[in-house]
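>>> Pasted the sequence and its predicted model underneath.
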Amino acid sequence: MKTYHITWATQGRQPAFPAEEARRAVLRALASVGGRDIVLFAIVDDHVHLVVIASPARLRRLQGALSKVLNNRSAAPFSPPFVKEVVTRSHMNALVGYCLNQFAHHGLADDPATATGSCFADLIGARRLPGLSLPISTALPRFRLRDAYEAVRLGDELGLADDAELRRLGAARLAELVAETLGVGPGFAGNKAGVAEARRVAARLALDAGFRPRDIAEPLGITAIASARLAARPVEEADLRAVRKRVTLIAAAAGRVRAPEVVRDVVREPTPPPYLVTEQVRLHEAPALRVVGQR
């Protein structure tokens, strides 16, 4: 098993997933296809970074499957990906900060701690996407969570919000945060398994926080009777904890001063950049997958 850094960029550098619903949908799809392989990710406006652990044979299959997922959901077509083998511990260690700081690096308004396309929430347990495990310790045995916290300029590891903090949010905002945490579309549209689970989690947390069934029913698009029934159904404790941690994450991110980006341990890709057409044409026309650093 080896570690690879894969980069996709849209043709013409057009925004790939401008809508929040599209960003959540592609995340769930990526987790479904490569959740056991993906170690880190960053979905920025016009490009995507994935760090994966795979055998060369698995990499070839994974590259095709992930490219299909991205192109099927993107507002602009992606060029063929650029793949680089990660061969040293220092390279892998630098990739942690590189992926987590993509939004600041490109001057985007998204907070790297809370952005939908950032994997920080997944690393600390403040988001739960079915199938996604992020086995970063396999690729980087000396990885420490505080390294991730430092990368997004958060000092201390976060605890879980209590019931009083959930009440202060209000039922509508609580429902929104449940949808964010479980990666379902805004508004809880549809009746797929993920949406149904998110409704149960929201109803249960609302009950625990002291809301009435009718308070949470409207944000979930259901009746008060249905809300009461959902609150009594079993849910995964990990989902409940993830929502509570997301509440503290958002509060911590909003309360800190976002300092200017400090450029250090930056992973610099070979010239020309991976998104240049000339490089992608070579990759596309090569008879076998070209991996930089692999002989």
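On my side now, so go ahead.
>>> Ignoring the adjacent residues along the chain, who's closest to the residue positioned nearest the centre of the chain?
In the chain, the residue lying closest to the centroid (C-alpha atoms, centre = their mean) is residue 119, at 4.0 Å. The shortest distance from residue 119 to any non-neighbouring residue, by C-beta to C-beta, 6 or more residues apart in numbering, is to residue 41 (4.9 Å). Just so you know, the C-beta spots here come from the backbone N, C-alpha and C atoms, and that holds for glycine as well.
>>> Same question for stretch 239-257: list its buried residues.
239-250, 252-253 (16 or more other C-beta atoms under 10 Å).
>>> er, stretch 47-64 actually
47, 48, 49, 50, 51, 52, 53, 54, 59, 62, 63.
>>> between those residues, which is nearest residue 189?
Distance to residue 189, by C-beta to C-beta, is smallest for residue 48 among the buried residues of stretch 47-64, at 24.7 Å.
>>> could you give me the average pLDDT of the strand or helix carrying the closest one?
Per DSSP states H and E, residue 48 falls inside strand 47-54. When pLDDT is averaged along strand 47-54, the result is 97.
>>> Just checking: what are the partner strands of that strand?
Pairing partners of strand 47-54, with direction, according to DSSP bridges: strand 2-9 (antiparallel), strand 38-43 (antiparallel).
>>> Mean neighbour count, these: which tops it?
strand 38-43 (a mean of 25; mean count of other C-beta atoms under 10 Å).
>>> got a pLDDT number for residue 108?
So residue 108 comes in at 88 (pLDDT).
>>> no, scratch that, I was asking about residue 280
On the pLDDT scale, residue 280 is placed at 41.
>>> With residue 273 instead?
pLDDT, read off for residue 273, is 45.
>>> So which residues of the protein form helices?
Assigned helices in the chain, in chain order: 20-34, 56-73, 89-100, 102-105, 120-124, 136-139, 145-151, 163-169, 171-182, 193-209, 213-220, 224-231, 237-255, 277-285 (criterion: DSSP state H).
>>> Many thanks, have a good one.
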